[in-house]
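Enquirer: sequence plus the predicted model coming up.
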Amino acid sequence: MAKIIDGKMISQQIKDELKEKAAKLKEQGKTGALAVIQVGEDPASSVYVRNKKNACAYIGIESLAYELPNETTEAELLALIDELNGKSQVKGILVQLPLPGHISEDAVIRAISPKKDVDGFHPQSVGAMTIGEPGFLSCTPAGIIQLLKRSGVEIAGKHCVIIGRSNIVGKPMALLMLRENATVTITHSKTSNLQEICRQADILIVAMGRPQFIGAEYVKEGAVVIDVGIHRDANKKLCGDVKYTEVEPIASAITPVPGGVGPMTIAMLMNNCVQSIEEG
Ligand code: NAP
């Protein structure tokens, strides 16, 4: 029986710590707002944006909502980001992805000042993380590090296998695990012997975006399994990239979906916002 890594509980702990910290900063006269920009009306994005605004309210940070129509041009969006970059009270700028096809996500990410890049996607933030300099960390991978640490999982010296090499999960995850002194293997869709490599993992982090792909045959007895995937199954129930019921009996610890990695992403976004307010 695996220990269930409870992301809901751990994210709540983090949000409560941040609420206290934000209140102390306020006493010192340090406040600030998170600007949340959404272009278009993608229903999933609307849910994410609403959750982010609610998290700000809980922690005691002001949030400024910019809901722009789908026809917004790239130039208009870049002009808004430029304006927000210049506002001293705005400490974080978040543009909800994905953006409509006529707007370059790359251009938008680069337009956000690295000082306000609370998603940690700007090349300067990624570079700073790579060489271990201070800066905002990408929220989902940083959340997974917190999940592991706060669940008492030892990382140093362990073999961590990551499935996926995206810029928002797989790559930054590998760098953060390396920073924690794990031995890291990154796998992807062109990897041969995926199963054999995964079976060597002490910690298996699955971020492949393939519903219930990873079964027991990919997992070593006693491994820690972190499931980043989020999907809806045929019955519209949330599920991950891992076949949970099959893997749970052989893992030593596992994250459920929902209630594992998901809630950590917003908690770490709030962490970045509070860090930005603290740094002024
Ligand atoms: P992505 O950009 O689609 O990347 C998927 C990665 O998995 C790619 O590197 C791909 O390899 C690799 N892959 C795909 N099929 C594979 C296979 N059969 N064998 C080995 N590797 C394979 O996805 P992402 O943005 O990283 O997200 C991954 C999952 O996490 C999605 O389900 C997403 O919804 C979820 N997610 C959750 C959170 C959260 O807060 N919980 C946050 C972000 C993402 P190639 O590079 O070779 O194509």
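Expert: Good, I have the coordinates. Numbers count the residues shown, from 1 in each chain.

Enquirer: am I right that Gly222 is in a helix?
Expert: No. Counting by DSSP: H, G, I helix; E, B strand; the rest coil, Gly222 is not part of a helix but coil.

Enquirer: what's the burial count for the closest residue to it other than its chain neighbours?
Expert: Closest residue to Gly222 apart from its sequence neighbours, by Cβ to Cβ, 6 or more residues apart in numbering: Ser252 at 4.6 Å. Quick note: C-beta positions are derived from backbone N, CA and C, even for glycine. Applying other Cβ atoms under 10 Å, we find 16 residues neighbouring Ser252.

Enquirer: use 54 as the first number for this chain going forward.
Expert: That works, and once the first residue is 54, the last one we named lands at Ser305.

Enquirer: ok, Ser305 - contacts?
Expert: Shown in contact with Ser305 (Cβ atoms under 8 Å, 6 or more residues apart in numbering): Ala55, Lys56, Gly275, Ala276, Val277.

Enquirer: the host helix or strand of Lys144 - contacts with which helices or strands?
Expert: Using DSSP states H and E, Lys144 sits within strand 143-148. Contact here means 3 or more Cβ pairs under 8 Å, 6 or more residues apart in numbering; DSSP states H and E; on that basis strand 143-148 packs against strand 86-92, helix 127-138, helix 315-332.

Enquirer: can you lay out the ones you listed as TSV showing mean neighbour count, distance to Ile165 and mean pLDDT?
Expert: Below are the helices and strands packed on strand 143-148 laid out as TSV (neighbours: other Cβ atoms under 10 Å; distance: least, Cβ to Cβ, whole Å; pLDDT from 0 to 100):
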stretch	mean neighbour count	distance to Ile165	mean pLDDT
strand 86-92	23	10	98
helix 127-138	16	6	98
helix 315-332	23	12	97
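
Enquirer: from the ligand, how far off is Met323?
Expert: 13 Å (Cβ to the nearest ligand atom, to the nearest Å).

Enquirer: the contacts of Ser305 also near the ligand: which ones?
Expert: Applying Cβ under 6 Å from any ligand atom to the contacts of Ser305, one finds that nothing falls near the ligand.

Enquirer: what is the nearest of those to Gly85?
Expert: Val277 (36.1 Å; Cβ to Cβ).

Enquirer: what count of nearby residues applies to that closest one?
Expert: 26.

Enquirer: again with Val143
Expert: 19.

Enquirer: surely Gly315 is in contact with His284?
Expert: No. Judged on Cβ atoms under 8 Å, Gly315 makes no contact with His284 at a distance of 11.7 Å.

Enquirer: Ser166 reaches Asn138, doesn't it?
Expert: Yes. With contact defined as Cβ under 8 Å, Ser166 reaches Asn138; the gap is 4.4 Å.

Enquirer: and the residue nearest to Gly275, what pLDDT?
Expert: Looking at Ser305, its pLDDT stands at 98.

Enquirer: now do Thr308
Expert: 98.

Enquirer: now do the contacts for it.
Expert: Residues near Thr308 by Cβ under 8 Å, 6+ apart: Ile57, Ile58, Gly60, Leu200, Val278, Ile279, Asp280, Gly293, Val314.

Enquirer: so what's the first one up against?
Expert: Listed by Cβ under 8 Å, 6+ apart, the contact set of Ile57 reads Ala306, Ile307, Thr308, Pro309.

Enquirer: near the ligand, which residues of the stretch 154-303 of the chain show up?
Expert: Near the ligand, when you scan the stretch 154-303 of the chain using Cβ under 6 Å from any ligand atom, you find 193, 216-219, 221-223, 240-244, 247, 260-263, 281-283.
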